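**Q** predicted model and sequence below, questions to follow.
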Amino acid sequence: MSGVMARTLAILELLAGQVGGTPLAYIADELDIPRGACHRLLTDLKAHGYVRQLREHGDYVLTTKLVGLGLSFLSTSGIVDMAQTTLDRLAEASGELVRMALVDGDRITWVAKAQGAVKGLKYDPDMGMDTRLSCTATGHAWMMTMTDERAVELVSRQGFGQPEDFGPAAPTTINGLLAFLHAARERGYATIVEVFAPGMTAMAAPIRRKGYPATGVISIAGPRIRLDEKRMAALGPALLAAAAELAAASHASPLFERFK
């Protein structure tokens with residue numbers, strides 16, 4: 001990848017996590033780009049509609065153009081439209097947040113959701129976020145479909161992250177991670193309790209047609225006070241049924257062609 005391309009993508013990725021606006025100096029220093037070069041790249045991105053300034057000569061923010069491209073891609077694939085009815089049904093049955101993530105190479109990203117909670121605490125992380133493999137039910141559900149060696153390779157590349165950023169039960173070693181994956185394979189779906197965040201639980205199952213790699217994951221997440229281990233066990237059959245339904249429907253989407 002050329003230096004200009006790498007720097008441009010790095011700027012976009014940094015701005016994606018800075019919704020309040022970011023000064024040129026911070027962007028340049030954080031990415032170790034000379035300020036003159038950083039300004040030229042931001043000017044080009046602004047000219048093409050990918051960033052804007054909050055005011056003249058002010059901080060930079062992303063526009064919705066990248067979001068629009070992603071949504072257009074997903075709309076063309078048809079996968080989210082096909083999945084929404086299934087997500088809505090599971091959200092209504094569970095009363096919790098239901099999400100679908102899609103596999104794309106070595107990444108898995110949340111792309112669709114349905115919120116079942118009508119009152120009280122609503123657990124609702126942002127869509128479009130790449131999943132942290134080591135400490136999410138979604139990550140565990142995907143990795144349970146692969147060999148231990150492949151799972152360790154992906155987590156080692158992404159990293160475990162900082163323990164203070166996740167729940168108190170988050171695995172911080174390979175052996176700890178593999179214990180979660182082995183239990184998920186035995187159960188048929190992944191579960192976590194205070195792993196991704198304190199007080200939160202989640203369960204997830206891979207979306208996978210027989211003879212093919214997993215194309216995605218469907219998950220249920222909520223506060224531990226409602227979604228405890230007994231409740232997750234009761235919801236297991238419904239979660240697996242939804243995953244099977246999505247797997248059966250996935251062949252109708254062009255996205256499925258990548259997994260053949």
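**A** Yep, that arrived. Numbers count the residues shown, from 1 in each chain.
**Q** alpha carbons only for contacts and neighbour counts from here, please
**A** Noted.
**Q** contacts only, for residue 207.
**A** 214-218, 243-244, 246-247 (Cα atoms under 8 Å, 6 or more residues apart in numbering).
**Q** report the longest helix in this protein, please.
**A** As assigned by DSSP state H, the longest helix anywhere in the chain is helix 229-249.
**Q** can you give me the buried ones in it?
**A** Buried residues in helix 229-249, defined by neighbour count with 16 or more other Cα atoms under 10 Å: 229, 232, 235-236, 239-240, 242-247.
**Q** looking at it now, give me its mean pLDDT.
**A** Throughout helix 229-249, pLDDT has a mean value of 94.
**Q** now the strands for the stretch 101-250 of the chain?
**A** 107-115, 190-193, 200-207, 216-223 (DSSP state E, counting those that start in this stretch).
**Q** what's the closest of those strands to residue 165?
**A** The minimum distance between residue 165 and the strands of the stretch 101-250 of the chain falls on strand 200-207, with 13.5 Å, by Cα to Cα.
**Q** how far does that closest one sit from its chain's centre?
**A** 12 Å (Cα atoms, centre = their mean, to the nearest Å).
**Q** same thing with stretch 215-232?
**A** Centroid separation for stretch 215-232 versus its chain: 16 Å, with Cα atoms, centre = their mean.
**Q** in stretch 52-61, what counts as buried?
**A** 52-53, 59-61.
**Q** equivalent analysis for stretch 19-38, please.
**A** So, applying 16+ other Cα under 10 Å, buried residues of stretch 19-38: 21-22, 24, 27-28, 38.
**Q** could I get those in TSV, plus columns for secondary structure, pLDDT and distance to residue 225?
**A** Formatted as TSV, the buried residues of stretch 19-38 follow (DSSP: H, G, I helix; E, B strand; the rest coil; pLDDT from 0 to 100; distance: Cα to Cα, whole Å):
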residue	secondary structure	pLDDT	distance to residue 225
21	coil	84	36
22	strand	90	38
24	helix	92	44
27	helix	93	41
28	helix	93	44
38	helix	94	48
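**Q** so which of the residues you listed is the closest to residue 144?
**A** Comparing the buried residues of stretch 19-38 against residue 144 with Cα to Cα places residue 27 closest, at 37.9 Å.
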